[in-house]
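In: Any chance you could fold what I've pasted below:
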Amino acid sequence: MQNQLVSYLPEKTLPQVLKLLEHDNLLVKIKNERKTRHGDYMRLPNGKHQITINSNLNKYRFLITLIHEIAHFEAYKNYGRFIKPHGIEWKRTFQHLMLPFINPETFPNQLLPLLAKHFKNPKASSDTDVQLAYALKQFDEPNNKTYIFEIPLGSAFKLYNGKVFKKGNQRVKRYECVEVKTGKLYLFNPNAEVELLKENYE
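Out: Numbering: from 1, shown residues only. Okay, the predicted model is just below:
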């Protein structure tokens with residue numbers, strides 16, 4: 001486990017993380033990138049519990065995702081299986097587990113105020129926190145992805161599934177975008193990652 005995790009986590013966090021993972025029935029697997037999630041937690045039919053984390057995450061997002069999933073395991077262990085997946089029991093557990101890591105030894109200074117704000121009431125995904133998601137993205141390896149809120153109005157963009165859309169106006173928090181092929185209207189979160197296209201779809 002130690003050898004598996006050491007290259008994915010911020011320096012000096014490994015001993016704390018390994019302490020949280022000291023449980024015979026908890027398995028951690030590192031997976032290739034999945035477009036729809038950073039990680040997940042499940043109780044296996046044999047009674048063991050499994051956490052999976054994407055291998056392509058930067059070390060700060062990897063840590064947050066891993067603690068997010070450990071919080072699911074701890075909440076299940078302490079409160080039983082009938083709690084809501086991201087209900088108050090999980091939120092409190094996630095806050096409690098994450099607090100020791102929110103310091104300058106673990107995270108860069110520019111992330112600390114955003115993390116402090118986020119963990120007052122953690123969401124089901126840090127991606128829904130636009131400011132935090134954007135700040136975390138600055139530590140990713142360079143890629144050709146950008147956020148919807150960064151691209152100009154009327155621009156065409158492509159999703160990982162190949163569908164092409166045109167960006168429209170912002171409605172409260174989300175953007176109205178039209179699928180070019182069908183003309184259907186969809187709403188996108190501002191920090192949905194997309195590939196900006198140079199082609200003009202009029």
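In: Every contact and neighbour count from this point should use C-alpha atoms.
Out: Noted.
In: Which other helices and strands does the host helix or strand of L115 contact?
Out: Assigned by DSSP states H and E, L115 falls within helix 112-118. If contacts are counted by 3 or more Cα pairs under 8 Å, 6 or more residues apart in numbering; DSSP states H and E, helix 112-118 sits against helix 130-137.
In: domain parsing for this protein?
Out: 2-137, 146-196 (automatic domain parsing).
In: Could you give the average pLDDT over the longest strand seen in the chain?
Out: Using DSSP state E, we find that the single longest strand of the chain is strand 164-171. Here strand 164-171 scores 94 as its mean pLDDT.
In: just how off-centre is that strand within its chain?
Out: In terms of Cα atoms, centre = their mean, to the nearest Å, the centre of strand 164-171 is found 23 Å from the chain centre.
In: What residues sit buried inside the least confident helix or strand in the chain by mean pLDDT?
Out: The least trusted helix or strand in the chain, going by mean pLDDT, DSSP states H and E, turns out to be helix 2-5, with a mean of 79. By 16 or more other Cα atoms under 10 Å, the buried positions in helix 2-5 come out as L5.
In: Which neighbouring elements make contact with whichever helix or strand comes after that helix?
Out: Under the assignment DSSP H and E, the closest C-terminal helix or strand after helix 2-5 is helix 14-20. The contact analysis (3+ Cα pairs under 8 Å, 6+ apart) places helix 14-20 against helix 2-5.
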